[in-house]
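Peer 1: let me see the structure of the following:
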Amino acid sequence: MNFTTAEIAHLLDTGHHGPTCGVERVVIDPNDVRVGAGQLFVASAHPPPLGDTTLVLEDDIALRVPYLTERSWVGGTAVNGPSTEAIVRAMAGDARGRPADGPRVGVLGAVAPWATAALIRAGLSDTTEHRLPPPGPPDLREPPGTERFRLPLALLNHPDDTPLAVVLNRRHKGCTGTDAALLDPTALVITDLGDRHLAMVGPTGAITSAREVLDRVDRDATLVMPEAVADALREEAGFEGTAFPALSIFGVRPGRSAGNTDAGMVHVVGPWGELAIGVGRDGGALALPVGAAVAVGLAAGRPVESVRSGVEAAAQTLARSMATRLAEGPVVWDRSDATSFGDVSEAIAALAERERPGQISRTRPVGRRSDRDRSPPCAAGSPGHSPSDRGPLRRSLGLGLLTF
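Peer 2: As a prediction, the model looks like this:
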């Protein structure tokens with residue numbers, strides 16, 4: 001990214017006050033503000049849960065770095081207008097604010113999409129070039145409250161010539177498609193049609209989100225999905241695979257190494273044949289993210305061994321940070337992120353420290369009372385609620401893990 005504050009104001013003909021400054025990075029967390037680092041701080045008047053930074057009085061920032069604001073000028077260098085989100089998106093849509101080269105991959109799905117994005121970066125990079133999300137509370141995986149700014153900030157702050165993989169999941173109708181159009185991905189991944197933030201987008205939200213994205217991406221983009229997702233989209237969304245010449249369908253089969261029963265494997269099947277990825281003892285729940293990462297890497301022309309080694313190392317690291325094996329035997333997976341209903345790490349730790357065995361049941365995040373009283377929507381939008389009706393992916397994989 002390479003802007004001046006005057007150029008940013010000119011994008012949407014908004015106000016500019018104070019000396020013109022160069023901008024190389026955008027921040028929304030006041031704790032990340034560093035004087036002399038070429039930063040632009042984004043303030044917003046909209047409260048959570050719409051996805052904004054903690055409200056900060058601009059006069060606390062004004063004398064330190066330039067800032068975007070929806071309020072009046074209070075000093076320093078400011079660009080002000082009716083919507084800081086609109087300004088940031090205009091910056092991300094301009095050639096000066098986007099990575100010049102390198103793959104841009106959009107990820108849509110309910111099965112730990114942030115992990116899918118991390119594995120895709122690993123499959124597209126040399127093993128030393130990518131950074132995995134850290135273990136711990138989900139706000140370390142993605143800064144809390146940044147859903148509306150996630151995609152534009154990913155574009156603005158991403159270095160040139162390195163792979164970008166970003167989650168497209170949004171909670172409101174139309175937002176997923178808008179983000180997809182702004183990203184203009186070279187590859188799009190839809191790992192599943194499971195439940196994800198459907199309180200706003202409705203019981204068929206997964207199908208709706210997928211249709212939004214498919215309608216907004218370039219037909220020359222590589223489209224990656226499992227066969228079950230393709231089948232469901234054909235039946236419920238009128239999806240035509242022939243519209244995407246670079247469609248790549250993959251399948252996954254979790255298993256164990258023949259020589260070591262504790263060594264988990266994911267066999268990924270696609271146009272390239274079959275590729276076995278070692279995921280560690282408890283990594284089987286990452287089967288879909290692993291399959292997607294392999295498919296994207298190979299479709300991009302990366303060497304097979306480079307994809308295998310990158311995805312394998314990243315999957316094993318993620319599995320160790322996400323999985324907790326209880327004394328009773330079940331494996332608890334924390335696949336939550338900052339857009340989930342809350343931090344479940346303390347609940348998982350309490351389960352692991354219990355002194356006596358108890359009955360373990362599969363749980364899901366708890367939202368408002370209306371959400372708790374309502375039966376969960378089906379994975380592919382069908383009206384049934386039995387396990388056999390919760391979508392073809394779950395039936396074919398048979399995943400029976402305790403997940404949060």
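
Peer 1: in space, what's closest to residue 60 - neighbours in sequence excluded?
Peer 2: Leaving aside its chain neighbours, residue 60 sits nearest to residue 30 (7.4 Å; criterion: C-beta to C-beta, 6 or more residues apart in numbering). The C-beta positions use only the backbone N, C-alpha and C, and glycine is treated the same way.

Peer 1: burial count for that neighbour?
Peer 2: The number of residues packed near residue 30 is 16, by other C-beta atoms under 10 Å.

Peer 1: wait, it touches residue 42, no?
Peer 2: No - applying C-beta atoms under 8 Å as the test, residue 30 and residue 42 come out as separate, 10.3 Å apart.

Peer 1: confidence score at residue 171?
Peer 2: Per-residue confidence at residue 171 stands at 78 (pLDDT).

Peer 1: how about the nearest residue to the most centrally placed residue in the chain, chain neighbours excluded?
Peer 2: With distances taken as C-alpha atoms, centre = their mean, residue 167 lies nearest the centre of the chain, 2.5 Å away. Spatial nearest neighbour of residue 167, excluding adjacent residues (C-beta to C-beta, 6+ apart): residue 113 at 4.5 Å.

Peer 1: give me the pLDDT for that neighbour.
Peer 2: Looking at residue 113, the pLDDT reads 88.

Peer 1: could you do the one 5 residues further on as well?
Peer 2: According to the prediction, residue 118 has pLDDT 92.

Peer 1: gap between the residue nearest to the centre of the chain and residue 114?
Peer 2: Distance of residue 167 to residue 114, given as C-beta to C-beta, to the nearest Å: 6 Å.

Peer 1: with residue 217 instead?
Peer 2: According to C-beta to C-beta, residue 217 and residue 114 sit 20 Å apart.

Peer 1: same check, this time on residue 250
Peer 2: Distance, residue 250 to residue 114, by C-beta to C-beta: 20 Å.

Peer 1: identify the residues contacting residue 302.
Peer 2: 123, 124 (C-beta atoms under 8 Å, 6 or more residues apart in numbering).

Peer 1: do you know the pLDDT at it?
Peer 2: With respect to pLDDT, residue 302 has a value of 96.

Peer 1: one more: the one 3 residues further on?
Peer 2: The pLDDT attached to residue 305 in the predicted structure is 95.

Peer 1: repeat that for the one 4 residues further on.
Peer 2: Looking at residue 309, its pLDDT stands at 94.

Peer 1: residue 18 - nearest residue in space that isn't next to it in sequence?
Peer 2: Once flanking residues are discounted, residue 18 sits nearest to residue 77: 3.7 Å by C-beta to C-beta, 6+ apart.

Peer 1: ugh, typo on my part, it should be residue 289
Peer 2: Residue 289 sits nearest to residue 116 (C-beta to C-beta, 6+ apart), 3.9 Å away.

Peer 1: again, but for residue 40
Peer 2: residue 23 (4.4 Å).

Peer 1: what's the burial count for residue 251?
Peer 2: 16.

Peer 1: mind listing what it touches?
Peer 2: 226, 227, 268, 269, 270, 291.

Peer 1: was I right about the first one contacting residue 253?
Peer 2: Read it as residue 226. No - Residue 226 is beyond contact range of residue 253, at 11.3 Å (criterion: C-beta under 8 Å).

Peer 1: more crowded one of these two?
Peer 2: residue 226 (27 against 16).

Peer 1: right, I'll call it a day here.
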